[in-house]
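Trainee: mind looking at a prediction? Sequence and model below.
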Amino acid sequence: MNQIRLLPEEVVRKIAAGEVIERPANVLKELLENSLDAGAARITVKITGAGRQLIQVSDDGSGMSAEELRLAIQPHATSKLVQLADLQSLKTLGFRGEALPSIGAVSRMTITTRRASTSEGVTLTVTGGSAGTISPCGAPPGTTVTVNDLFFNTPARAKFLKAEATERSHIMRILEELALAFPQIGFELWLERAAPWHLPVAKDPADRIIALFGTSLQEQLLPIEAETSALQIQGFIGTPAAHQPHRRFQLFFVNRRPVSHRTLTHAFYEGYRGALPVDRHPAAFLWFTVDPAVVDVNVHPTKREVRFSQDRMVHDFLSRTIAKTLETHRLIPAIPLPTNAEGGTSGAPAGATLSRDRSMVGGSGDVASFATLLSPLPPLPDSSQLPALIPLAQLSQLYILAQAGQDLVIIDQHAAGERVLYERFWRQATEGPIPSQPLLVPEVWELSGSAMKLVEERLPAFEASGF
Ligand code: ADP
Ligand code: MG
């Protein structure tokens, strides 16, 4: 066995960096959080090589003096926390004092910064953990952090990165999350060689949702608001009918921090109980405001997880609030007695399916269903194996009840409608080129930034599919 010894500081830093900086999107998250904590009003982001080549974040925030800059790149150096008790009243996104040293350990990082009260800025470069000297330079007030050649000295980490498109979609997600957490801040994104993407200052969260995901999604949202002594909930939830095949439009914020939280997710679905088909997901943009003393944000190095001291109370309050909101909008289907067999089933399902599918495809940038459309097509089941169905009734405009021999079959008509269209498409795709026809009036399809990138990347596949 080898002798026990203390690791050199450089190795310690690289190991620590591994916890915070797993991929380019983590760098972006930390830099954006710092800019937001510094009180920036406008933030500009530049990305090339899916973040491997360059991640640059410029802000017009407080800036740093030369002395502050020297400290900022030291491990456990933070201006946001003095003693442990301060965690109880934390108002900033950062507090661990780890980000800048961690990023500096695994890249070539240059920080240029100027306090508004001084006429000259300062700049400093850290290369693979070793800091150069601080020198004066001309700079606008605020801070620009430039991260080049991420993971150049940690080839093992570099190997774990996914395809550029995947890394870019993680990057877009971080931007979406923080842009929603801070609607009053203007963002600008220069992604690769594409034209810049502007997110102007939004007057309220709804405006930011529209800017990010389009009006058609926003129109399907219900406002939600509730308060107890310990907790305030604000935001928007999707109507059950506007469910999606993915959770992309579910974002939870606790004191403005984007979080993933099992209790919150569970309570959210609990509120929709009985109103959703299986494997479908309503939208949620929920902002929780709690006393910092009752939430622990120091659970995980990436600060994505939080813990509530009164988990149960939060859970019950959220699920009740959701259920009540749906109820007041009369969106939980009251189960009516089956209508008579003929009136219930003839015609109605087809019509309902059509209009719903229109809203699905033309609606809110439903990327996942297109993505599956582009992957290799699974074979169709042999429909002659299915038993003959005798339709009985339609329930809540959602389900068709039918008899198959001795069995009662319940068909989710929305899913069945999708299946019919899917099979029709599948047949066409296997039989030759898909016929397509230009529309007289173009259909406008609003997309989120990340969905837009996906579509651009896969344009040939869309064209081959008849679009
Ligand atoms: P933390 O955010 O947890 O304090 P960081 O390593 O991210 O740790 O940053 C260290 C310190 O550097 C911050 O506490 C802050 O004082 C300073 N700093 C970092 N980025 C900026 C910025 N964009 N503008 C002003 N100060 C910054
Ligand atoms: Mg930070």
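Mentor: Everything's here; your move. Ligands and ions are numbered 1, 2, ... in the order given.

Trainee: find the nearest non-adjacent residue to Asp316, please.
Mentor: Once its chain neighbours are removed from consideration, Asp316 has its nearest residue in Ala267; the separation is 7.3 Å (C-beta to C-beta, 6 or more residues apart in numbering). To be clear about C-beta, it is placed using only N, CA and C from the backbone, and glycine gets the same treatment.

Trainee: for whatever helix or strand the one you found lives in, buried residues please.
Mentor: Applying DSSP states H and E as the criterion places Ala267 in helix 262-271. Counting neighbours by 16 or more other C-beta atoms under 10 Å, one finds that the buried residues in helix 262-271 are Leu264, Ala267, Phe268, Tyr269, Gly271.

Trainee: now stretch 439-451
Mentor: Within stretch 439-451, the residues that qualify as buried are Trp445, Glu446, Leu447, Ser448, Gly449, Ser450, Ala451, counting by 16+ other C-beta under 10 Å.

Trainee: go on, stretch 57-74?
Mentor: Residues 57-64, 66, 69-70, 72-73 are the ones in stretch 57-74 that count as buried (16+ other C-beta under 10 Å).

Trainee: so which pair among those residues is furthest apart in space?
Mentor: Greatest spatial distance among those (C-beta to C-beta): Asp60 and Arg70, at 22.2 Å.

Trainee: one step back: quickly name whichever of the buried residues of helix 262-271 is closest to ligand 2.
Mentor: For the buried residues of helix 262-271, the closest approach to ligand 2 (C-beta to the ion) belongs to Leu264, at 23.8 Å.

Trainee: the closest one and Pro258, how far apart?
Mentor: As judged by C-beta to C-beta, to the nearest Å, Leu264 and Pro258 stand 12 Å apart.

Trainee: anything in contact with each of the two?
Mentor: Jointly contacting Leu264 and Pro258 under the rule C-beta atoms under 8 Å, 6 or more residues apart in numbering are Phe252.

Trainee: ok, back up a step: got TSV for the buried residues of stretch 439-451, with pLDDT, distance to His243 and secondary structure too?
Mentor: Written out in TSV, the entries for these read as follows (pLDDT from 0 to 100; distance: C-beta to C-beta, whole Å; DSSP: H, G, I helix; E, B strand; the rest coil):
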residue	pLDDT	distance to His243	secondary structure
Trp445	78	19	coil
Glu446	78	18	coil
Leu447	80	19	coil
Ser448	79	17	coil
Gly449	80	23	helix
Ser450	79	20	helix
Ala451	82	17	helix
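
Trainee: restrict the helix or strand containing Glu67 to CA atoms and write it as PDB.
Mentor: When elements are assigned from DSSP H and E, Glu67 belongs to helix 66-72. Output for helix 66-72, consisting of C-alpha atoms alone and laid out as PDB, is shown next (Å, rounded to 0.1, in the frame of the first residue of the first chain):
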ATOM      1  CA  ALA A  66      -8.300  44.600  -7.500                       C
ATOM      2  CA  GLU A  67      -8.300  43.300  -3.900                       C
ATOM      3  CA  GLU A  68     -11.700  41.700  -4.300                       C
ATOM      4  CA  LEU A  69     -10.700  40.100  -7.600                       C
ATOM      5  CA  ARG A  70      -7.600  38.600  -5.900                       C
ATOM      6  CA  LEU A  71      -9.800  37.100  -3.300                       C
ATOM      7  CA  ALA A  72     -12.600  36.000  -5.600                       C
END
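
Trainee: which secondary structure elements does that helix contact?
Mentor: In this structure, helix 66-72 makes packing contacts with strand 108-114, strand 121-127, judged by 3 or more C-beta pairs under 8 Å, 6 or more residues apart in numbering; DSSP states H and E.

Trainee: right, so of the ones you listed, which gets closest to ligand 1?
Mentor: When these are compared for distance to ligand 1 using C-beta to the nearest ligand atom, the nearest one is strand 108-114, at 6.4 Å.

Trainee: now the helices and strands packed on helix 66-72 as a markdown table including mean pLDDT?
Mentor: Below are the helices and strands packed on helix 66-72 laid out as a markdown table (pLDDT from 0 to 100):
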| stretch | mean pLDDT |
| --- | --- |
| strand 108-114 | 98 |
| strand 121-127 | 98 |
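
Trainee: of all these, which one comes closest to ligand 2?
Mentor: Proximity to ligand 2, assessed across these by C-beta to the ion, is greatest for strand 108-114 (12.5 Å).

Trainee: list the contacts of that closest one.
Mentor: By C-beta under 8 Å, 6+ apart, the list of residues contacting strand 108-114 reads 63-64, 69, 72-73, 100, 103, 120-128, 137, 139-149, 152.

Trainee: what is the mean pLDDT for stretch 19-29?
Mentor: In this model, stretch 19-29 carries a mean pLDDT of 92.

Trainee: and it, how far out from the chain middle?
Mentor: Its chain's C-alpha centre lies 15 Å from the corresponding centre of stretch 19-29 when counted by C-alpha atoms, centre = their mean, to the nearest Å.

Trainee: go ahead and name everything in contact with it.
Mentor: For stretch 19-29, the surrounding residues in contact (C-beta under 8 Å, 6+ apart) are 30, 45, 47, 50-52, 55, 57, 98-99, 102-103, 106-107, 147, 150, 157, 160-162, 167, 170-171, 173-175, 178, 301-302.
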